[in-house]
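>>> Sequence plus the predicted model coming up.
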Amino acid sequence: MKLSTIAGLVLSCQALSGQAHGAEAVHFSAAEIAAIETGLTDFPLMRAVKASIATRDNAEVEAVVPGRADNPVNVKRIEAIVSNADFEYLFPARAPEYSYRGLLQAAAKFPALCSDYEDGRDAEAICRKSLATMFAHFAQETGAHDKWRSEPEWRQGLHWVREVGWTEASRGGYNMECNPGSWQAEAWPCGTFASGEYKSYFGRGAKQLSYNYNYGPFSEAMFGTVRTLLDSPELVADTWLNLASAVFFFTYPQPPKPSMLHVIDGTWQPNAQDIQSGLLPGFGVTTQIINGGIECNQGTEKPQSLNRMAYYLAHAQNLGVPVAADEVLGCKDMKAFAAGGAGAMNIFWEQDWAYIPGNPNGGKSYACKLVGYQTRYSAFKAGDYGRCVQHFFPEVVIDPDTGGGANLPPVALIQGPSTADAGTSLVLSAQQSSDPEGMPLTYLWQLPAGVGGDSLSLSRISLTLPASEQDLSLSIGLTVTDAAGASHSTMHSLTLRGSGGGDGGGTYPAYVAGTQYLAGDRVSAAGGNYECKPYPYSGWCSAAAWAYGPGTGSAWQDAWLRL
């Protein structure tokens, strides 16, 4: 018997007697499930988001102290911009639970904050703007807002560590989703006091994290389990988590909203729909992300938005962040983010109700699909696809990989720049290549004539590019092979900018960043002609030029075909 799945793979299954409700048991191998999950989540925006929400081990976080020589690179960058003395100056009215070390530990947990960029973006400028943005929102969300203080309001941030009026002894708050019977209570089961009453999940920390369905995912991101912070929510107020919760919110998207980090570092670029909704890069769109339903699209700036704008300008000046005259600081004319925008991405797994002729038990799909609304299963959590399938299809059995089944081939993946100047050098990486069974891989690079490499058998290769007056198009090949001999090959297109300059004068209209391109549209750029790929890849043709500009973006092949 053969089982077809929505993912387009053909997988084996077998029927057993004695199954619940008389259903046939359907067997998948763990490798098959992993391969489907990888296939459904392997697209550019998902890769970019996963990179930005990656976390370090807590042992590394706990080792961070100010001035430590072995602090991570992003932590050292923050230390160079904001010293302990600066922190004292900026937050003189803060609650004692907030500390300079806590700020550095929060950054250590999330390497993407103030990270290096390998594509030419200015890491220090992005870091300074990120900090100015976060500090401005701290001043609004947790500021004292006291006119009588000697410090101006922009320096009154981090005053509140717990929501006003709440203490750790408070009962019956923000826990309406705790009662058994809802999937939220099953996914994020609330902790209880000794009396059996549910813990209260009121606002704590610099972002005022609230509700069990936010504490649970944050706990899992920090500790690998939902239990830690559902049982001990006070940790979000009393430890470095009070600032890490704000960085968590800063780096995680809430589709169709992008993350604030991706707004600031340029990963998010508005498409035509966003532009029509008034969603333009600048400080104002971060207010829309945080509290747009209350503060934005009102025709006039609300008092909270005006506060944020003033605080941002002050923090920007203090941190040396240039504010362009045309930067959109407010959000009075910004509509809500919506499906179809550049930040829209489905990130939760839900049952796929499709009917598949020939599948057992009435043609069930035996698959889950990505959706835009919150469910208990996240695409950000490895293995949740299989959990989703088994939850909705109890007859599914996922067999551990013991080496006795058919070996699935590895997946070759090349990462690195797609454009470079002739006569220079660059590095390409195959480190994100993977094997469904987790076997070790060997690598073999294939280089065109004129291109040199330091080693053809390592996961990273340093290329020496030929000199040329004309623009050139090169293809770099890679074959990865697993321990059982299965292999997979891929190609990486590289455009060399010749020393003679020029854009090639293509046959088609010149590519213009920010234009709403559709599948089949043709443009000229980087000395060649390109066609926007069919759906679903066509959505990237209008996305950020640094990533998807034809012939020049770091991932342009995801969106365009070179003609």
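Done, it's in.

>>> the strands in the stretch 201-350 of the chain, which residues?
Using DSSP state E, counting those that start in this stretch, the strands of the stretch 201-350 of the chain run over residues 348-351.

>>> Tell me which stretches of it form helices.
212-223, 227-231, 235-238, 241-251, 260-264, 272-276, 283-295, 303-319 (DSSP state H, counting those that start in this stretch).

>>> Could I get those in TSV, plus columns for distance to Tyr443, mean neighbour count and mean pLDDT?
In this view, the C-beta of every residue, glycine as well, is placed from N, C-alpha and C. As requested, the helices of the stretch 201-350 of the chain are arranged in TSV below (distance: least, Cβ to Cβ, whole Å; neighbours: other Cβ atoms under 10 Å; pLDDT from 0 to 100):
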stretch	distance to Tyr443	mean neighbour count	mean pLDDT
helix 212-223	32	22	93
helix 227-231	39	21	95
helix 235-238	43	22	97
helix 241-251	31	25	96
helix 260-264	31	25	97
helix 272-276	40	18	94
helix 283-295	40	22	96
helix 303-319	43	20	97
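
>>> So for Arg497, which of those helices sits nearest?
Closest approach to Arg497 among these (Cβ to Cβ): helix 260-264, 26.9 Å.

>>> What residues does Thr287 make contact with?
Listed by Cβ atoms under 8 Å, 6 or more residues apart in numbering, the contact set of Thr287 reads 137, 295-296, 305, 308, 330-331.

>>> ok so, going back, could you export the helices of the stretch 201-350 of the chain to TSV, including columns for distance to Thr41?
Formatted as TSV, the helices of the stretch 201-350 of the chain follow (distance: least, Cβ to Cβ, whole Å):
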stretch	distance to Thr41
helix 212-223	17
helix 227-231	26
helix 235-238	29
helix 241-251	18
helix 260-264	17
helix 272-276	23
helix 283-295	23
helix 303-319	34
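
>>> To Phe348, which of those helices lies closest?
Using Cβ to Cβ, the helices of the stretch 201-350 of the chain put helix 212-223 closest to Phe348, at 10.9 Å.

>>> Tell me which other helices or strands the top helix by length along the chain touches.
Counting by DSSP state H, the longest helix found in the chain is helix 123-142. On a contact count with 3 or more Cβ pairs under 8 Å, 6 or more residues apart in numbering; DSSP states H and E, helix 123-142 meets helix 73-81, helix 241-251, helix 260-264, helix 283-295, helix 303-319.

>>> Mind putting these into CSV with distance to Glu153?
Putting the helices and strands packed on helix 123-142 into CSV (distance: least, Cβ to Cβ, whole Å) gives the following:
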stretch, distance to Glu153
helix 73-81, 22
helix 241-251, 18
helix 260-264, 21
helix 283-295, 16
helix 303-319, 7
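
>>> dump the residue contacts of the nearest residue to Glu234 once chain neighbours are set aside.
Spatial nearest neighbour of Glu234, chain neighbours left out: Glu168 (5.1 Å); criterion: Cβ to Cβ, 6 or more residues apart in numbering. Counting by Cβ under 8 Å, 6+ apart, Glu168 makes contact with 162, 234, 237.

>>> do Trp349 as well
Trp349 neighbours (Cβ under 8 Å, 6+ apart): 368-371, 375, 377-379, 384-385, 388.

>>> now, the most widely separated pair of these?
It's Lys369 and Ser378 that sit farthest apart of the contacts of Trp349, by Cβ to Cβ, at 13.6 Å.

>>> Which single one of the contacts of Thr287 is nearest to Ala112?
His137 (17.7 Å).

>>> rewinding a little: can you redo the contacts of Glu168 as CSV with distance to Ala112?
Putting these into CSV (distance: Cβ to Cβ, whole Å) gives the following:
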residue, distance to Ala112
Arg162, 28
Glu234, 27
Ala237, 24
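
>>> Tell me where the stretch 451-563 of the chain has helices.
Going by DSSP H, counting those that start in this stretch, the stretch 451-563 of the chain shows helices at 545-548.

>>> Give the residue spans of it that score low on pLDDT.
The stretch 451-563 of the chain contains residues with pLDDT under 70 at 499-507, 535-537.

>>> could you redo the last one with a cut-off of 80?
Applying pLDDT under 80 to the stretch 451-563 of the chain flags the ranges 469-473, 493, 495-508, 514, 519, 527, 533-540, 543-547, 553-558, 562-563.

>>> quick revisit: need the contacts of Thr287 in CSV (columns: distance to Glu60).
Output for these, formatted as CSV (distance: Cβ to Cβ, whole Å):
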residue, distance to Glu60
His137, 27
Glu295, 37
Cys296, 38
Ser305, 37
Arg308, 33
Gly330, 39
Cys331, 37
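
>>> Closest to Ala324 out of those?
Closest to Ala324, out of all of these and judged by Cβ to Cβ, is Gly330, at 14.4 Å.

>>> so how many other residues sit close to that closest one?
Look at Gly330: counted by other Cβ atoms under 10 Å, it has 21 neighbours.

>>> wait, what's in contact with it?
Gly330 touches 284, 287, 301, 305-306, 309, counting by Cβ under 8 Å, 6+ apart.

>>> gap between it and Ile264?
17 Å (Cβ to Cβ, to the nearest Å).

>>> before we move on, back to that, which one of the contacts of Gly330 is nearest to Thr552?
Within the contacts of Gly330, proximity to Thr552 (Cβ to Cβ) peaks at Gly284, which comes in at 28.6 Å.

>>> can I assume that closest one is in contact with Cys331?
Yes. Gly284 is within contact range of Cys331, at 4.3 Å (criterion: Cβ atoms under 8 Å).

>>> Name all residues that sit in contact with these two at the same time.
Residues touching both Gly284 and Cys331 by Cβ under 8 Å, 6+ apart: 296, 305.

>>> Poorly predicted segments of the stretch 101-250 of the chain, please.
173.

>>> Now for the contacts of Gly330: which two are most distant?
The largest separation in the contacts of Gly330, counting by Cβ to Cβ, is between Gly284 and Leu306 at 11.3 Å.

>>> circling back: mind checking the helices and strands packed on helix 123-142 for the one nearest to Pro96?
Here helix 241-251 is closest among the helices and strands packed on helix 123-142 (Cβ to Cβ), at 10.9 Å.

>>> Which other helices and strands does the closest one contact?
Contact partners of helix 241-251 among helices and strands, from 3+ Cβ pairs under 8 Å, 6+ apart: helix 100-109, helix 123-142, helix 212-223, helix 235-238, helix 260-264.

>>> Can I get those helices in a markdown table including distance to Leu158?
Shown next, in a markdown table, are the helices and strands packed on helix 241-251 (distance: least, Cβ to Cβ, whole Å):
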| stretch | distance to Leu158 |
| --- | --- |
| helix 100-109 | 10 |
| helix 123-142 | 5 |
| helix 212-223 | 18 |
| helix 235-238 | 12 |
| helix 260-264 | 18 |
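
>>> Ala559 versus Ala139, what's the distance?
Distance, Ala139 to Ala559, by Cβ to Cβ: 39 Å.
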